[in-house]
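K.L.:
show me the folded form of this:
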Amino acid sequence: QVQLVESGGGLVQTGGSLRLSCAASGRTFSSYAMGWFRQAPGKEREFVAKIGLRGYSTYYADSTKGRFTISRDNAKNTVYLQMNSLEPEDTAVYYCAAHPNYATIRSRADYWGQGTQVTVSS
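P.N.:
Numbering: from 1, shown residues only. Model prediction:
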């Protein structure tokens, strides 16, 4: 079992930045690929970014590429999402997720956090 707790959400103006954190507890954090997803009101949850077990491999949704950066600190059992140049379209609840397989985490995440709200005002 892996428990995930997100933090760092809030209200920011267009063009601003936020850094989300996701703290993990339970089984060995470094055994899991980690991902960030988001869900806007009235929309389905969508993939944002993912990172491999050691942090060397990353992949981003087209909508976030170049603006968001995912990273992890295995010593702190934490994954981060640095979000820059935020736009109103980025407004959503952001969730972190864990899965043993980096290749399939987008569709088969095993563990989810409770989410943190990000609101970008225009």
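K.L.:
could you export the lowest-mean-pLDDT helix or strand in the chain as PDB, CA atoms only?
P.N.:
One helix or strand of the chain scores below all others by mean pLDDT, DSSP states H and E: helix 105-108, with a mean of 90. Taking Å, rounded to 0.1, in the frame of the first residue of the first chain, the C-alpha atoms of helix 105-108 are listed here in PDB:
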ATOM      1  CA  ILE A 105       1.200   4.500 -15.400                       C
ATOM      2  CA  ARG A 106      -0.900   6.800 -17.700                       C
ATOM      3  CA  SER A 107      -3.600   4.100 -17.900                       C
ATOM      4  CA  ARG A 108      -3.000   1.900 -14.900                       C
END
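K.L.:
what's the following helix or strand after that helix?
P.N.:
Per DSSP states H and E, the first helix or strand lying C-terminal to helix 105-108 is strand 111-112.
K.L.:
which other helices and strands contact the helix or strand just after that next one?
P.N.:
Next helix or strand after strand 111-112 toward the C-terminus (DSSP H and E): strand 116-121. Judged by 3 or more CB pairs under 8 Å, 6 or more residues apart in numbering; DSSP states H and E, strand 116-121 is in contact with strand 10-13, strand 18-26, strand 92-99. The way it works is simple: take the backbone N, C-alpha and C, and place the C-beta from them, glycine included.
K.L.:
so which bits of the shortest one are buried?
P.N.:
Within strand 10-13, the residues that count as buried by 16 or more other CB atoms under 10 Å are residue 12.
K.L.:
what pairs with it, and is each one parallel or antiparallel?
P.N.:
strand 116-121 (parallel) (DSSP bridges).
K.L.:
between the strand it pairs with and strand 18-26, how many degrees?
P.N.:
Orientation check (axes from the mean of the first three to the mean of the last three CA atoms, to 10 degrees): strand 116-121 against strand 18-26 gives 170 degrees.
K.L.:
how far does strand 116-121 sit from the chain's center?
P.N.:
Counting by CA atoms, centre = their mean, to the nearest Å, strand 116-121 is centred 13 Å from the centre of its parent chain.
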